[in-house]
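**Q** What shape does this take:
(chains A, B, C and D)
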There are 4 protein chains.
Amino acid sequence: MAGSSIGELFRVSTFGESHGPAIGAVVDGCPPGLALTEADIQVELDRRRPGQSRHTTQRQEADQVEILSGVFAGVTTGTPIGLLIRNTDQRSQDYSKIKDRFRPGHADYTYLQKFGLRDYRGGGRSSARETATRVAAGAIARKYLRERLGTEIRAWLAQMGPIHAAQFDDAQIDQNPFFCPDAQAALRMAEYLDDLRKAGDSIGARVDVQVTGMPVGLGEPVFDRLEADVAKALMSINAVKAVAIGDGFAVVEQRGSEHGDALTPAGFASNHAGGVLGGISSGQDLRASVAIKPTSSIRIPRPSINLQGEEIEIVTTGRHDPCVGIRAVPIVEAMLAITLMDHYLRHRAQNADVTPPVAPIPRQC
Amino acid sequence: MAGSSIGELFRVSTFGESHGPAIGAVVDGCPPGLALTEADIQVELDRRRPGQSRHTTQRQEADQVEILSGVFAGVTTGTPIGLLIRNTDQRSQDYSKIKDRFRPGHADYTYLQKFGLRDYRGGGRSSARETATRVAAGAIARKYLRERLGTEIRAWLAQMGPIHAAQFDDAQIDQNPFFCPDAQAALRMAEYLDDLRKAGDSIGARVDVQVTGMPVGLGEPVFDRLEADVAKALMSINAVKAVAIGDGFAVVEQRGSEHGDALTPAGFASNHAGGVLGGISSGQDLRASVAIKPTSSIRIPRPSINLQGEEIEIVTTGRHDPCVGIRAVPIVEAMLAITLMDHYLRHRAQNADVTPPVAPIPRQC
Amino acid sequence: MAGSSIGELFRVSTFGESHGPAIGAVVDGCPPGLALTEADIQVELDRRRPGQSRHTTQRQEADQVEILSGVFAGVTTGTPIGLLIRNTDQRSQDYSKIKDRFRPGHADYTYLQKFGLRDYRGGGRSSARETATRVAAGAIARKYLRERLGTEIRAWLAQMGPIHAAQFDDAQIDQNPFFCPDAQAALRMAEYLDDLRKAGDSIGARVDVQVTGMPVGLGEPVFDRLEADVAKALMSINAVKAVAIGDGFAVVEQRGSEHGDALTPAGFASNHAGGVLGGISSGQDLRASVAIKPTSSIRIPRPSINLQGEEIEIVTTGRHDPCVGIRAVPIVEAMLAITLMDHYLRHRAQNADVTPPVAPIPRQC
Amino acid sequence: MAGSSIGELFRVSTFGESHGPAIGAVVDGCPPGLALTEADIQVELDRRRPGQSRHTTQRQEADQVEILSGVFAGVTTGTPIGLLIRNTDQRSQDYSKIKDRFRPGHADYTYLQKFGLRDYRGGGRSSARETATRVAAGAIARKYLRERLGTEIRAWLAQMGPIHAAQFDDAQIDQNPFFCPDAQAALRMAEYLDDLRKAGDSIGARVDVQVTGMPVGLGEPVFDRLEADVAKALMSINAVKAVAIGDGFAVVEQRGSEHGDALTPAGFASNHAGGVLGGISSGQDLRASVAIKPTSSIRIPRPSINLQGEEIEIVTTGRHDPCVGIRAVPIVEAMLAITLMDHYLRHRAQNADVTPPVAPIPRQC
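**A** Prediction:
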């Protein structure tokens, strides 16, 4: 299949199923000399970890990462970094009854058609469990970007079903179980989810992300434009159905005189573009949004069919997130980190000896 | 830079600037035995060609394609197909005055920062001119998909600024200069554009696309999910700022009980997913949308800066599309064709000998 | 660095240092439905394992492989196969004294120049220890090739220093500690190595390999010709300095009338080409040879320099193979298996629906 | 097929058949700012061009290159460089009689088996004609390496059949039609070829190559070791059957005490390794050799079979090189240039900010 790698120069290859012995990743291409410990990675994994509030799945995974290679005397060596996370809370018996049935909205049917067989335990490879390896690999990219380039990636839950984050208080994001920058909205989200859980249903969400301290010049037109690779990285996350850069779908109704961000001696006067012009980063903040569908694992009975094509009724009884958008926040950050890191290396490969004839424009907006 | 190739097994590599001698593409990986003539490609290029109505740029490019290799006795041989399109209507003098200036919304600044120099004639590589090579390469993929797999790709202009296509009449799409499936909306679009042209401004648009006759099983989780590669391919098109699959951003407010498409013995009962489950095509129609920003080349004077960082006023006087979304329609089709073709080959590489234990579900919705 | 992956469709990514916690590999792209257990892999690892005779390094590694993913109910699922081998016999203290010194013939100097630092314990990533992961990954490819295509890969020690294998008895290969097809030569090799060990020196070797049951049509000209990818795969093995296909360097003195293998109704009349014509396999046996340099870790004192550029004398006292060519035999087989598997998938991606107009020529020679 | 590209960051994609309208290449990833004209490329093409002496094919190709993109105002812009060479001397009628016949040693049979059809005119894609595009692309890499890094690549004909170059006079290489560094040997080669031509036969050759001014640190272990990618690049050349690095097959009989190049304060004391240690360049001269088979196109009648599998006799009457090794010299240089350029960019992508703790060792040997 060979679809489990991403990045050309900072290449992340992942493996692992929901209910196998372990999941993991190989990170190949990390520059040497970066200080790195398991704790640096663990802190990011802990943000994604399930079971931390009543609002996410009660599956209890330690998600303890082990660095197997690529680090010596506390710094990266430039050789591949092997990362391992053992699965510790698999309950395979939960899944035997769906072995011969297709759950609506799940990958059961498509995996079976594609491969002729499937690991039906907890979604197997299609489970969101694999996203832990993305977060682990992303932690390494993130550390490099922060320490070497001053680049910071910050995502948050901007909307859950009908509830919008109307305020933006960065300090709030890590103060509530929703990564929501609006404390009032977070309270309403909690109530909303309590009701939803009782109803046995689930809900969609929108996650926004912003990158400050962006390097100028990232992106390789015409196909590997920065926004194209960002779109791929974000759309590759489980349950994501749409990706927007800058003003996104709002541009449909914008005029050119309104959309084009004016340049002034003091910097850009606005940021409709979201930090990318012609497929290359301008140094302005990168802004993106993703739409995340409601999880398909719900307790409300749904009509479906079985392997024999017969009509059945299906109820998903496992431990599931009613809003997968919440835990998507650190995953969005990780995928952006991996993408930016890869593009940083690609840019410097070709242009390490370029001296631009003009100084970078201040990042005003 | 090495960012001018897309696809792993059906690999398209393009080259060419707006005002150089020629643009072109190499298509490597096309299966042998496909009947192919220059006319098969020309018909698609003619749909994208500028200057066909008063509503698109008046640049007159013949866009005549020449097949240089890979075809013998009227069929593809399995070797790389070289495609060449000479540039015939370059007016370089139009651009000398913007040589030292940054046009808002353009790639002038980012190319200069990235490469240290830029071909300022008509946007150079960042010009939409390069999309002709995408359409040429896409024509080959499209022909294979249609003839061998019965797969049809159809895009249309769903919205231009405030004007929505409210009706969907497939026959209308090629009857008006907007690829609009709603004849009444097309009339209003014409009026709207006439006013806009007088005002010297431009407008955004939304293009929708639907693929019927989809093969089941395309997509390589976890990173090369079908929707991830579709998102990348579409976001790689000039001026695209957002991509949605299936219900797109509407999923944010959907509940799981509403979103998950039920399976019935007669087929899927709905298609909120847009034809992809778990990153793999289900055989349902693939549905996607893209948002296209208004062109930044407008006649309204805009504040900007020059190479010295001094404040200037800039007016773009070249020949430009007031709504680049119109001509994006065949490009969207081409990029989807390339992506599906590549994934078809990737799928069959791994799974050519798989016999799924269940028959495909009818494609009801 | 991103240089630790090989293959496009059957992609093997490895990680791990000689003295880190573990080494391992991710195999992405294996077709689903292949019966696979840890025992299938272990049997190949055991052939490469050190410490099995007095003639190889006395390092005692269990080299016990664990399958972490990609296999369910005893068969491959089409998702990435994670493989893990713990390092169990690291003696880091052996290496502290060479920390600041460059051993002649080793990668000490080049790793330090490239990365600015190095894991000096036992060669780190440059140690032949990493080849265990190649053998593990290769075992999977080999099983597929054998079971699905009837393709058998067989390597042997054809020469060690001055001693040639003059006889070829396939049954002998696994009967002596040298993988030598000539029992008499094997006896002389044993004596030769005993003397060499006493002298504290090492010796080069030649390994030959033959593949029977070759599929026809593998190889992707013009750059990814079968022999080019075979050459890369074999030259990527530690200590290999030359690769020959078919008659190899002997072709320099051959005439065209002698070299070109005649085709007859009964099959090819000879096999000077080594099974590849125009970069594509002909179905004849693939024949290749590699030259393996003597290990640079010897007990004879050598002049060298230290980090300060001062003259020093160096003696390598670790546990080393006096002839690394011996244990290269299963590694050569593994790399060929990976390469052929990858090319088989690539070939079928493009040509799965091709019906050749002529039947394959019998594989007479 | 997707096998017509080489390089990851300096990526060359070629197309074209012997008797189609044109051949060409796209070079993606060249750093911006390199002064480049068609004359820079033409000078290398002229060295490879046939028909320059009685000793090579009398096909008369102008091999005039046109730069289609990627260069503006005399320097590279960082965007893809399109290169076009029209075919001008195709005589398709020469080939009609071999349409249904398999020529021994040629790719006729394998192309037909692989693709189900073939362009039988002059070998089509399998013709050495495609190597002109390698030389054109290589000229760009070569110019960068020379001007920016002081790296010089020099190949020569070291042996033709029984005749060895016994002297090495660099100035001689371009003074005779054989690229032979030994004037006396060149005279004997001329006589030898005259006899061979009368006999209607062909002969093999060995080409040696040396790179001076090598950057330190190129090569990405474990699979993309420098010598592995060099081996692939050289083995991808038509008719090459073996590749050796440094002492090559001679290492089989060397002892470790003899082979390992000692380091001294004044530099390396020898260069058995050929400039690569542990897969990474040491800064010493890179030394390699290739074996080139005799061309299979000979006038001596050979037994073969036709499409129906019937016995026939075949004579090749086209215009062919009796020793393809001669014109391989500039191709070997081009492939090395492409490979080194790609590895230079890959190295600097990961390690641009590394400061090695020790100064490079002088390149004494």
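**Q** Need the nearest residue in space to residue A:80, chain neighbours excluded.
**A** Using CB to CB, 6 or more residues apart in numbering or on different chains and skipping the chain neighbours, the partner closest in space to residue A:80 is residue C:15 (3.9 Å). Placement of C-beta: from N, CA and C, glycine included.
**Q** Name every strand pairing with the one helix or strand that neighbour maps to and say which way it goes.
**A** Of the helices and strands defined by DSSP states H and E, residue C:15 is found in strand C:11-16. Strand C:11-16 has its sheet partners listed here by DSSP bridges as strand C:5-6 (antiparallel), strand C:22-28 (antiparallel).
**Q** so how far is the last one from its chain's centroid?
**A** Taking the mean of its C-alpha atoms, strand C:22-28 sits 16 Å from the chain's own mean (CA atoms, centre = their mean, to the nearest Å).
**Q** Quick one: mean pLDDT over that strand.
**A** Throughout strand C:22-28, pLDDT has a mean value of 98.
**Q** Any stretches of the stretch 1-150 of chain A with poor pLDDT?
**A** Residues of the stretch 1-150 of chain A meeting the criterion pLDDT under 70: A:1, A:51, A:58-59, A:90-94.
**Q** Spell out which parts of it neighbour chain B.
**A** On the criterion CB under 8 Å from any CB of the partner chain, chain B has as its neighbours in the stretch 1-150 of chain A the residues A:1-6, A:14, A:102-107, A:109-117, A:125-126, A:130.
**Q** do that again at 10 Å, thanks
**A** A:1-8, A:12-16, A:101-118, A:123-127, A:130-131, A:133-134 (CB under 10 Å from any CB of the partner chain).
**Q** Next, the contact list for residue A:261, please.
**A** Contact partners of residue A:261, counting by CB atoms under 10 Å, 6 or more residues apart in numbering or on different chains, are A:246, A:267-275, A:277, A:282, A:284, A:365, B:104-105, B:296, B:302, B:304.
**Q** In space, what's closest to the closest residue to chain D within the stretch 201-350 of chain A - neighbours in sequence excluded?
**A** When CB to the nearest CB is the measure, the stretch 201-350 of chain A has its nearest residue to chain D at residue A:349, with 3.5 Å between them. Counting by CB to CB, 6+ apart, residue D:349 is the residue found nearest to residue A:349 once chain neighbours are left out, at 3.5 Å.
**Q** tilt between the host helix or strand of the one you found and strand D:11-16?
**A** If you go by DSSP H and E, residue D:349 is part of helix D:324-351. Orientation of helix D:324-351 against strand D:11-16 (axes from the mean of the first three to the mean of the last three CA atoms, to 10 degrees) gives an angle of 150 degrees.
**Q** pLDDT averaged over helix D:324-351 - what is it?
**A** 97.
**Q** how far does that helix sit from the chain's center?
**A** Centre to centre, stretch against its chain (CA atoms, centre = their mean), the figure for helix D:324-351 is 9 Å.
**Q** Is residue A:211 inside a helix or a strand, and which specific one?
**A** The secondary structure element spanning residue A:211 is strand A:205-212 (assigned by DSSP H and E).
**Q** Quick check: bridge partners of residue A:26?
**A** Each beta-bridge partner of residue A:26 is listed here, defined by DSSP bridges: residue A:13, residue A:82.
**Q** hang on, it packs against residue A:82?
**A** Yes. Taking CB atoms under 10 Å as the contact criterion, residue A:26 and residue A:82 are neighbours in contact, 5.6 Å apart.
**Q** what residues do the two have in common as contacts?
**A** Counting by CB under 10 Å, 6+ apart, the residues touching both residue A:26 and residue A:82 are A:68, A:69, A:70, C:13, C:14, C:15, C:16, C:24, C:25, C:26, C:82.
**Q** what's the neighbour count on the spatially closest residue to the first one that is not a sequence neighbour?
**A** Just to be clear, that refers to residue A:68. Nearest non-adjacent residue to residue A:68, counting by CB to CB, 6+ apart: residue A:82, 3.5 Å away. Applying the criterion other CB atoms under 10 Å in any protein chain shown, we find 30 residues in the vicinity of residue A:82.
**Q** residues touching residue A:82, list them.
**A** Residue A:82 sits next to A:24-28, A:66-71, C:13-17, C:20-26, C:82, C:84 when contact means CB under 10 Å, 6+ apart.
**Q** Go again with 7 Å.
**A** Under the criterion of CB atoms under 7 Å, 6 or more residues apart in numbering or on different chains, the neighbours of residue A:82 are A:24, A:26, A:68, A:69, A:70, C:15, C:16, C:22, C:24.
**Q** Burial check on the residue nearest to residue A:349, number of neighbours?
**A** Using other CB under 10 Å, the number of residues around residue D:349 comes to 27.
**Q** Ok, the one 5 residues further on next?
**A** The number of residues packed around residue D:354, counting by other CB under 10 Å, is 20.
**Q** re earlier: if we go by neighbour counts, what in the strand holding residue A:211 is buried?
**A** Residues A:205, A:206, A:207, A:208, A:209, A:210, A:211 are the ones in strand A:205-212 that count as buried (16 or more other CB atoms under 10 Å in any protein chain shown).
**Q** Am I right that the third one is in contact with residue A:159?
**A** The one in question is residue A:207. No. Look at residue A:207 against residue A:159 with CB atoms under 7 Å: they stay out of range, at 8.6 Å.
**Q** Does residue A:69 touch residue A:81 like I think?
**A** Yes. Applying CB under 7 Å, one finds residue A:69 in contact with residue A:81, separated by 6.3 Å.
**Q** and stretch A:31-42 with chain C, contact?
**A** Yes. Applying CB under 7 Å from any CB of the partner chain, one finds stretch A:31-42 touching chain C at A:32, A:33.
**Q** contacting residues around that stretch?
**A** Residues outside stretch A:31-42 that contact it (CB under 7 Å, 6+ apart): A:65-67, A:71, A:74-78, A:136, A:139-140, A:143-144, C:115-117, D:350-351, D:353-354.
**Q** List buried residues within those residues.
**A** Listed as buried from the contacts of stretch A:31-42 are A:65, A:67, A:71, A:75-78, A:136, A:139-140, A:143-144, C:115-117, D:350-351, D:354; burial here means 16+ other CB under 10 Å.
**Q** In space, what's closest to residue A:326 - neighbours in sequence excluded?
**A** Residue nearest to residue A:326 in three dimensions, not counting chain neighbours: residue A:178, with 5.4 Å by CB to CB, 6+ apart.
**Q** again with residue A:324
**A** Nearest to residue A:324 is residue A:295, by CB to CB, 6+ apart, at 4.8 Å.
**Q** Next, work out how far apart that neighbour and chain C are.
**A** With distances defined as CB to the nearest CB, to the nearest Å, the gap from residue A:295 to chain C amounts to 21 Å.
**Q** again, but for residue A:53
**A** Counting by CB to the nearest CB, the gap from residue A:53 to chain C is 29 Å.
**Q** cool, and residue A:70?
**A** Taking CB to the nearest CB as the measure, residue A:70 and chain C are separated by 7 Å.
**Q** wait, that residue sits on residue A:29?
**A** No. Counting by CB under 7 Å, residue A:29 is not a contact partner of residue A:70; they are 10.3 Å apart.
**Q** Neighbour count for those two, which is higher?
**A** Taking other CB under 10 Å, residue A:70 and residue A:29 do not tie; residue A:70 has more neighbours (30 against 25).
**Q** Neighbours of the closest residue in space to the more buried one that isn't next to it in sequence, how many?
**A** Sequence neighbours aside, residue A:81 is the residue nearest to residue A:70 in space, at 3.4 Å (criterion: CB to CB, 6+ apart). By the criterion of other CB under 10 Å, residue A:81 has 26 neighbours.
**Q** contacting residues for residue A:81?
**A** The contact partners of residue A:81, taken as CB under 7 Å, 6+ apart, are A:27, A:30, A:67, A:69, A:70, A:71, A:140.
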